[in-house]
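output the structure for:
(2 chains)
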2 protein chains.
Amino acid sequence: MAERMIVIGGDAAGMSAASQARRRRDRSDLEIVAFERGHFTSYSACGIPYWVSGVVQERDELIARDPKTFRDEFGIEVRTRHEVTAIDLDRREVLARDLDGGGEVRAGFDTLVYATGASPVQPDWTRDDVAGVFGVQTLDDGAALIHWLESEPRPRRAVVVGGGYVGVEMAEALVQRGLSVQLVEQADQPMATVDPDMGELVAEAMRATGIGVRTGLTVTGLEERDGRISAVVTDEGPVPADVVVLGLGVRPNTALAEAAGLPIGPSGGVRTDRRMRVPGAPGVWAAGDCVESLHRVSGMPVHVPLGTHANKQGRVAGINIGGGYATFPGVIGTAVTKVCELEVGRTGLRERDALEAGFEFVTVLAQSTNRAGYYPGSRPMTVKLLAERPSGRLLGAQIVGWSEAAKRIDALAVALWNGMTVDEMTALDLGYAPPYAPVWDPVLIAARKAVDALAAV
Amino acid sequence: MAERMIVIGGDAAGMSAASQARRRRDRSDLEIVAFERGHFTSYSACGIPYWVSGVVQERDELIARDPKTFRDEFGIEVRTRHEVTAIDLDRREVLARDLDGGGEVRAGFDTLVYATGASPVQPDWTRDDVAGVFGVQTLDDGAALIHWLESEPRPRRAVVVGGGYVGVEMAEALVQRGLSVQLVEQADQPMATVDPDMGELVAEAMRATGIGVRTGLTVTGLEERDGRISAVVTDEGPVPADVVVLGLGVRPNTALAEAAGLPIGPSGGVRTDRRMRVPGAPGVWAAGDCVESLHRVSGMPVHVPLGTHANKQGRVAGINIGGGYATFPGVIGTAVTKVCELEVGRTGLRERDALEAGFEFVTVLAQSTNRAGYYPGSRPMTVKLLAERPSGRLLGAQIVGWSEAAKRIDALAVALWNGMTVDEMTALDLGYAPPYAPVWDPVLIAARKAVDALAAV
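Take a look at the predicted model:
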């Protein structure tokens, strides 16, 4: 008789695990059932801002694979609108509620993959009785927001609360739809994933595109008129709003895991080993936005909810469940985004992270251009590096610039991954041609400047 | 009394060496004199195709620093139009001819930097008595070609001989100027720096933009009418031409070094150690297009004439001459170019290189896209990897694609530089956001495919 693998959560991590396990074990050997509380499987939450902006036109473009495809092509059963409500590790079964039909399902497992994802942080000032306030975590969230934007009376003034990736991307999306947008951020800068000096460049670019960037502002409540949002209340007064988008980050969905006695790490995510096994729970695996990962530079556990990690972790779990061998060796915090035309890339530690981890280091900011100075379209690029002192080991990098700036972070990410020193980096053989780089690539210019800074200390 | 450093060749390598030495040793300690046989210092030869195309409008935009700047700001004396004709290592002096004034100069040195560059390969069928045939190595070459293109009778049909970087870039430039262009290449594909399967993608794209790509054609001579070029003669008949551009590669300028008894390596370039010292010749350094470099993957000496290496090598020589410590650890053959809108990147070994070096390996071709599939402007990208068998170590990579394809080679170049295996690469933390990559970056997709290929062997 076939063993049964149950997956809790039918998105990137869970379905990657299911697919990889299926590649290695056929139906006669392994039955695979995934429970998903939403309507959809394997969709791109990262694509929602571009759907809202109108750059992506149809919701279904964001769906990589639907439940029918999983069933027909992979022999993986997906039960959407089924929310798992309990895990019984002793009996090796889960309890799920049918959110539409109303019934309960009890299903036994040999192997369990915990891939419940993360949920948006709900501030204490949110109110259920005010219409026009939206998160942007699920396709349903996106659909509700778009519906609101297209209904009468048409919203004209938007407030985005929170200046992280989702916040700045949503601010851009709403500007592109023709709304007047205010971004409200509690910290002194938007895009707190980069250092303040780099974040200021982002703020400048946002302001230049007409986005109001209000930093150092704490939201304390909402104002409504006839049940519709009319303003966001802050410690510096109300900010008028016909629509509010929340971008306050996400927290790992661990309630189920905690109730079942699975270990939760210091970052708040479910703990796993390198093969994505949950320690102390044989046959139980976890992956995706609900787990914590090792930060390879700081050596500390971190919670980095991002589709690229979810896919990798799910794949690793699935390969191992399938009888193969794979490990997820951790993250270094690489991320890219664009705010209108400005591109931002980052990897590794910020100054505050490096201090917290106990490193001594130098920082340099190098100004350069994306192309040879004489080549049309040459535009400024700023590269910031953090290098450990005195070893010279790269600890982190940030890039802000224009065309073809963001993905240059990848070369720095691979250097960081491999523990290179900035001195070693000055010799790197990177691609050079006038349409793509000055003869000294911006990455190399920054590395040289870091070498000089280390020598000057 | 100050020591004297003489530099032979006032371009990237020589002037980088001079600048770096000056940073560390002032005029009272080190006199620096550079002899340059041309009119210019520190110009971008790589920019000439873009000047010819009209994308770059003024010759002077290609000049990074002129002799006056070197003299006034750095205290480096540059004697342009002075050709060094002999090096006497015993007497420690060079002999130089003033190409304009006609006199001879004799100058003693304590330190010598040999940075004579490379010269275009002259095929045996070139003829001095036929006007309208051009190389594109120097700014004077570029000026002469532009003058010919703008003179009456206006050339309409161009033949580019040689399908390397210069050849394809010049073909593009001439098409942009409105000429009818035929690229004639002796090999079976243009862009022989990538494997034939990838080169075919380049040929297709060139043909799609109206460039005639004639491969497997050997040029045997030229035809003229009234002293002007009228056709290129090939083993398959004449190809009509009003202008011919030669892109047959370059050879290191070593005659002077050979005559002085400096060691020449198997690749044809001057030999150096890692600090860019010439072995057996105390106080003599060499850098740039005239030297050979270690290929870090094959372990073999190679001649890779490229501005980025010349700058690095010159910098290393200059730091060492200045009393510091720096090394040039070799190259891995990274290069990028564009042919009209198509972008090409490569690093490491091609199949033929890997075979010649004695590696066993697998190759994979992975199809992907530059952006998330649903994001506008998403276009195909092909990534080819070579991985050693059974170790999985990356040996080489090639990318052909559209917007933001070429510089993605940098991430692969840094992975190759660090000796990563394709299995390790599948875990790399690269930047992900829908405008910049699918959730599995093309580099990661290719690495996964290579892992599968290794397992299948």
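
what segments of the stretch 201-350 of chain A are strands?
Remark: strands assigned in the stretch 201-350 of chain A by DSSP state E, counting those that start in this stretch are A:212-215, A:219-225, A:228-234, A:237-240, A:243-246, A:250-252, A:284-286, A:293-294, A:301-302, A:335-339, A:342-348.

show me what the second one is packed up against.
Helices and strands in packing contact with strand A:219-225 are listed as strand A:228-234; criterion 3 or more C-beta pairs under 8 Å, 6 or more residues apart in numbering or on different chains; DSSP states H and E. The way it works is simple: take the backbone N, C-alpha and C, and place the C-beta from them, glycine included.

over to the third one?
Taking 3+ C-beta pairs under 8 Å, 6+ apart as contact, the helices and strands that strand A:228-234 lies on are strand A:219-225, strand A:237-240, strand A:243-246.

got the buried residues for that strand?
Within strand A:228-234, the residues that count as buried by 16 or more other C-beta atoms under 10 Å in any protein chain shown are A:Arg228, A:Ile229, A:Ser230, A:Ala231, A:Val232, A:Thr234.

just put those in a markdown table and tack on pLDDT and distance to A:Val84.
Output for the buried residues of strand A:228-234, formatted as a markdown table (pLDDT from 0 to 100; distance: C-beta to C-beta, whole Å):
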| residue | pLDDT | distance to A:Val84 |
| --- | --- | --- |
| A:Arg228 | 97 | 35 |
| A:Ile229 | 97 | 33 |
| A:Ser230 | 97 | 39 |
| A:Ala231 | 97 | 39 |
| A:Val232 | 97 | 35 |
| A:Thr234 | 97 | 39 |
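
of those, closest to chain B?
Distance to chain B across the buried residues of strand A:228-234 (C-beta to the nearest C-beta) is lowest for A:Val232, with 26.8 Å.

what residues does the stretch 151-300 of chain A put near chain B?
A:Tyr165 (C-beta under 8 Å from any C-beta of the partner chain).

show me where the stretch 151-300 of chain A has its helices.
Using DSSP state H, counting those that start in this stretch, the helices of the stretch 151-300 of chain A run over residues A:165-176, A:196-208, A:255-259.

for B:Glu292, find the nearest of those.
Among these, helix A:196-208 comes nearest to B:Glu292, with 40.8 Å by C-beta to C-beta.

quick one: average pLDDT of the closest one?
Helix A:196-208 carries an average pLDDT of 94.

do stretch A:70-87 as well
96.

what's the answer for stretch A:119-133, then?
If you average the pLDDT over stretch A:119-133, you get 92.

list the buried residues of that stretch.
A:Ser119, A:Pro120, A:Thr126, A:Val130, A:Gly132, A:Val133.

now the end-to-end length of it.
16 Å (C-alpha to C-alpha, to the nearest Å).

for it, the distance to its chain's centre please.
For stretch A:119-133, the separation from the chain centroid amounts to 21 Å (computed by C-alpha atoms, centre = their mean, to the nearest Å).

same thing with stretch A:425-442?
30 Å.

between the two ends of that stretch, how far is it?
Start-to-end, stretch A:425-442 (C-alpha to C-alpha) is 12 Å.

how about the secondary structure of the nearest residue to A:Pro329 once chain neighbours are set aside?
Take A:Pro329 and drop its neighbours on the chain: the residue closest to it by C-beta to C-beta, 6 or more residues apart in numbering or on different chains is B:Ala427, 5.2 Å away. Three-state call for B:Ala427 (DSSP: H, G, I helix; E, B strand; the rest coil): coil.

quick check: the gap between B:Ala427 and A:Ile319.
Per C-beta to C-beta, to the nearest Å, B:Ala427 is found 12 Å from A:Ile319.

which of the buried residues of stretch A:119-133 are close to chain B?
Within the buried residues of stretch A:119-133, nothing lies near chain B by C-beta under 8 Å from any C-beta.
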